[in-house]
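J.: Fold the stuff below for me.
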Amino acid sequence: MLAALVNAWKVPELRKKILFTAGLLVIYRIGSFIPVPGVDTAKVVEEFQRVAGQSGAGLLSLLDMFSGGALSRFTLFGLNVGPYITASIVIELLTVVIPALGELKKEGPEGRKKMSQYTRYAAVALAVLQGWSYTALLTGAIRPGFIWKLAIVITLTAGASAAIWLGDKITDKGIGNGISLLIFTGIVSGFPTSLRHGITMLGQGWVNWLYILFWIVGGGGLIMAMVATSEAQRKLPVQYPKRVVGRRVYGGQSTHMPMKLNQAGVIPVIFASSILAFPATIAQFVPAISYAVNKYMYNVWIYNFLYVALIIVFSYFYTGITFNPIEVADNMKKYGGFIPGFRPGRPTAEYLDRVLTRLTFSGAIFLAIVALLPNITSAITAQGISFGGTGLIIVVGVALDTLKQIEAQLIMRQYEGFLK
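T.: Residues are numbered from 1 along each chain as shown. Sure thing, here's the model as predicted:
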């Protein structure tokens, strides 16, 4: 891997992309420490911890982890890219319900450009709603007066728009995965604090070396399992018959179609977290449902059940968007390919759909187990030592995707990549 990093730095174009990405990520982290106007910085963290402690599921703490602590500090990038992710989910769901949006999605680059524009408009609207919601939640740390609240909402909305812009620039001119890299940076920025907390607990005798060893070995094994699951795939044999064109013979080769165990990657986890944050936002504007949302939906057991269910649902949803068995079977039939034992066309599509359904279910269950693992390990150790969780899923998934992006650039220039 070290040799691959050196080779990546030797390529001028790739070096510029890496430096450009690093520069924008530094700007993003600086913005995460710039407080919004009208906030008592001495009280805001204390007020956030009080409010976060009222929700048994720790939803605000999860969103704060995604933003790298920017939400608990109530800073410029406090909303992070959460509104954009939620807007993306809503627009994707509307393409199924509204035929006009479905047709727009199929119109190629121009259609996708229009869809992206609609997503951004929806993201700004959601940023306003979420900004006002968090302002109402943390009112104890905010100066009284409507003007101050309005200034905070405008600042948070502008910060969310700027974060989306940074993510788009990283995707277009950097190494890619812009939005995911912003979330990755926010999560990783909290690792030094967690490490320092663990060392403090060890030094003061709250935990012993056995628990620390359990955490290191268990965490390392879990990361290896997550990498293996992300890279696992089932290879379906595909046969292409020989074709005679003039005096030349084409085809007649056996190949395979790779189908990944976790086709959706980390998207279901991010989507599920964003959707669960939406009811709390609405509850701030509809007091009649506020009590029901806080009592029932954010109950620990109900929240965990909904979290697992949404991860499974979005795994199927996103996989269905990215992989269409009917379209794949038709393309295979067009070029004369077939899967041994299945006729081209509909029988092949049905077989692909069965395989995809089983693989997606296994991958979704694994994601759900890892997401809930902190609760399980905390109960086992009884010392608050835990590993796994949503943050680790996103960190490992985004790291693998980014390495693949860089590796593709290296292979294109005849360099050896990271993954051998």
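
J.: From here on, just use CA atoms for contacts and neighbour counts.
T.: Noted.

J.: what residue ranges in the stretch 101-250 of the chain score low on pLDDT?
T.: Per-residue confidence for the stretch 101-250 of the chain (pLDDT under 70) gives these ranges: 207, 242-250.

J.: let's see 90
T.: Scanning the stretch 101-250 of the chain for pLDDT under 90 picks out 101-117, 129-146, 148-149, 174-180, 183, 186-250.

J.: Where do the helices of it begin and end?
T.: With DSSP state H, counting those that start in this stretch, the ranges of helices along the stretch 101-250 of the chain come out as 109-137, 146-173, 178-188, 191-203, 209-231.

J.: In a markdown table: those, plus mean neighbour count and distance to Val90.
T.: What follows is the helices of the stretch 101-250 of the chain, written out as a markdown table (neighbours: other C-alpha atoms under 10 Å; distance: least, C-alpha to C-alpha, whole Å):
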| stretch | mean neighbour count | distance to Val90 |
| --- | --- | --- |
| helix 109-137 | 18 | 9 |
| helix 146-173 | 20 | 17 |
| helix 178-188 | 22 | 17 |
| helix 191-203 | 12 | 32 |
| helix 209-231 | 15 | 26 |
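
J.: Tell me which of those sits nearest to Phe342.
T.: Closest to Phe342 of these is helix 209-231 (C-alpha to C-alpha; 26.7 Å).

J.: for the closest one, packing partners?
T.: Secondary structure elements in contact with helix 209-231, counted by 3 or more C-alpha pairs under 8 Å, 6 or more residues apart in numbering; DSSP states H and E, are helix 390-412.

J.: Next, the angle helix 209-231 makes with the helix it packs on.
T.: Compare the direction of helix 390-412 with that of helix 209-231 by axes from the mean of the first three to the mean of the last three C-alpha atoms, to 10 degrees and you get 50 degrees.

J.: buried residues in helix 390-412?
T.: Within helix 390-412, the residues scored as buried using 16 or more other C-alpha atoms under 10 Å are 390-402, 406-410.

J.: for that helix, packing partners?
T.: Based on contacts counted as 3+ C-alpha pairs under 8 Å, 6+ apart, the elements that helix 390-412 packs against are helix 2-10, helix 178-188, helix 209-231, helix 267-283, helix 346-381.

J.: roughly how far out does stretch 337-352 sit from the chain middle?
T.: On the basis of C-alpha atoms, centre = their mean, to the nearest Å, the separation between the geometric centre of stretch 337-352 and that of its chain is 33 Å.

J.: Pull out the buried positions in that stretch.
T.: Gly337, Phe338, Ile339, Pro344, Gly345, Thr348, Ala349, Leu352.

J.: Turn these into TSV, columns for pLDDT and distance to Leu63.
T.: Compiled in TSV, these are given as follows (pLDDT from 0 to 100; distance: C-alpha to C-alpha, whole Å):
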residue	pLDDT	distance to Leu63
Gly337	80	47
Phe338	82	46
Ile339	85	45
Pro344	84	47
Gly345	84	45
Thr348	89	42
Ala349	89	40
Leu352	90	37
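
J.: Tell me the one of these nearest Ile212?
T.: The nearest member of the buried residues of stretch 337-352 to Ile212, counting by C-alpha to C-alpha, is Leu352 at 44.7 Å.

J.: do you know how far the closest one is from Phe323?
T.: From Leu352 over to Phe323 the distance is 10 Å, taken as C-alpha to C-alpha, to the nearest Å.

J.: cool, and Leu356?
T.: Computed as C-alpha to C-alpha, the Leu356 to Phe323 distance reads 9 Å.

J.: Which residue of these two possesses the greater neighbour count?
T.: Applying other C-alpha atoms under 10 Å to Leu356 and Phe323 shows that Leu356 carries more neighbours, namely 23 against 16.

J.: surely that one meets Met259?
T.: Yes: at 7.4 Å, Leu356 counts as touching Met259 under the criterion of C-alpha atoms under 8 Å.

J.: what phi and what psi does the backbone show at the residue nearest to Gly337 when sequence neighbours are not counted?
T.: Computed as C-alpha to C-alpha, 6 or more residues apart in numbering, the closest residue to Gly337 that is not its neighbour in sequence is Tyr240, at 4.5 Å. Main-chain torsions, Tyr240, degrees, to the nearest 10: phi -110, psi 130.

J.: Nearest to Leu126 among the buried residues of stretch 337-352?
T.: When the buried residues of stretch 337-352 are compared against Leu126 (criterion: C-alpha to C-alpha), the nearest one is Leu352, at 37.7 Å.

J.: list the contacts for the closest residue in space to the closest one that isn't next to it in sequence?
T.: If you skip the residues right next to it in sequence, Leu352 has Pro325 as its closest partner in space, 5.8 Å away by C-alpha to C-alpha, 6+ apart. Counting by C-alpha atoms under 8 Å, 6 or more residues apart in numbering, Pro325 touches Ala349, Glu350, Leu352, Asp353.
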